[in-house]
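> coords below, sequence missing:
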């Protein structure tokens, strides 16, 4: 069982790009392939990292919906 994905944590992980580690927020949301791409290319050269500021809430709701449909979501 997993706890719901929190946008606050995702934004906190997004901030790690400021110290040179981009894409950790994507790993947190379960997007492993794009997480690796973001990590290797510094968030697609920074542009993808900036776009993710707007996309994070949608990624969190999609991840939570997916966990709920799989029956793996724990309500807290």
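Arrived safely, thanks for sending. None of the values given here were measured: they were computed from a predicted structure.

> quick check: residue 49 touching residue 16?
No: the pair residue 49 / residue 16 is not scored as a contact, 10.2 Å apart, by C-beta atoms under 8 Å. No exception for glycine: its C-beta is placed from N, CA and C like everyone else's.

> mind listing the shared neighbours of the two?
Residues touching both residue 49 and residue 16 (C-beta atoms under 8 Å, 6 or more residues apart in numbering): residue 22.

> which one of the two has more residues nearby?
Taking other C-beta atoms under 10 Å, residue 49 and residue 16 do not tie; residue 49 has more neighbours (20 against 13).

> element containing the more buried one?
Following DSSP states H and E, one finds residue 49 within helix 47-70.

> next, the buried residues of that helix.
48-49, 52, 56, 59-60, 63-64, 67 (16 or more other C-beta atoms under 10 Å).

> show the average pLDDT along that helix.
On average, the pLDDT along helix 47-70 is 92.

> distance from it to the middle of the chain?
6 Å (C-alpha atoms, centre = their mean, to the nearest Å).

> and residue 35, that one's in a strand?
No: assessed with DSSP: H, G, I helix; E, B strand; the rest coil, residue 35 is helix; it does not lie in a strand.
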